[in-house]
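**Student:** Everything below, folded, please.
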Amino acid sequence: MDHLKTVTSSHDTVHCSIELDVARSIRILHIEDDETIATLAKEMLEEQGWQVQTCDNGDAAIEHISGGVHYDFLLIDYDLPGVNGLGLVKRARNLAHRARTPIGVLSASAVEAETREAGADVFLRKPQDIGAIAETISRLVRSPEIEFGYVVVVCCNQLRAQRDLGLRVFLEPAGVA
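**Tutor:** Take a look at the predicted model:
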């Protein structure tokens, strides 16, 4: 929704604004060894316009979690080959760049208390909660459709325009101008 509108106008100054609304895509790391669930979850999340990186075992997940790629949400299966989901949650919580990243654990086992104790923000039961994954992520990730709505105000002093354009740009949060 880009548009230009005149706010005020006088002989020597023109004020106008451009509103830019850009939705930020959410980036999710999904660790799941069941190919059917991994595919289903990826499709559901990508339908939201989100980016999904998947891996199928705990050992590979450690590399992703420890790496520098930004993720807005970690969705971790509990029962994984290699390092299990609890180990991954604990590892993530001990890393400075993942300590505040929302984490959800997905499992058919009744391990909710253990996952919360390890540091997970939410526990989802397989298969009944699979349909609620996107809603849960939206709720946990701050402003899931963050709009970088800035009003760009451009002022041009027309008396000086021939000599030097005298353009000034002010960034103000949308709705302030």
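
**Student:** what's near enough to touch residue 46?
**Tutor:** Residues in contact with residue 46 (Cβ atoms under 8 Å, 6 or more residues apart in numbering) are residue 52. Every residue, glycine included, has its C-beta placed from N, CA and C.

**Student:** That one: what secondary structure?
**Tutor:** helix (DSSP: H, G, I helix; E, B strand; the rest coil).

**Student:** Mind pulling up the pLDDT for it?
**Tutor:** For residue 46, the pLDDT comes out at 94.

**Student:** gap between it and residue 26?
**Tutor:** 11 Å (Cβ to Cβ, to the nearest Å).

**Student:** Likewise for residue 57?
**Tutor:** Residue 57 is 24 Å from residue 26, by Cβ to Cβ.

**Student:** more crowded one of those two?
**Tutor:** residue 26 (21 against 15; other Cβ atoms under 10 Å).

**Student:** Hmm, residue 73 and that one touching each other?
**Tutor:** Yes - counting by Cβ atoms under 8 Å, residue 73 is a contact partner of residue 26 at 6.7 Å.

**Student:** Now name the helix or strand holding residue 52.
**Tutor:** Element membership for residue 52, per DSSP states H and E: strand 51-55.

**Student:** Same check on residue 30?
**Tutor:** Judged by DSSP H and E, residue 30 forms part of strand 27-31.

**Student:** quick one: what helix or strand has residue 100 in it?
**Tutor:** When the helices and strands are read off by DSSP H and E, none of them contains residue 100.

**Student:** how close does it get to residue 35?
**Tutor:** From residue 100 to residue 35 the distance is 31 Å (Cβ to Cβ).
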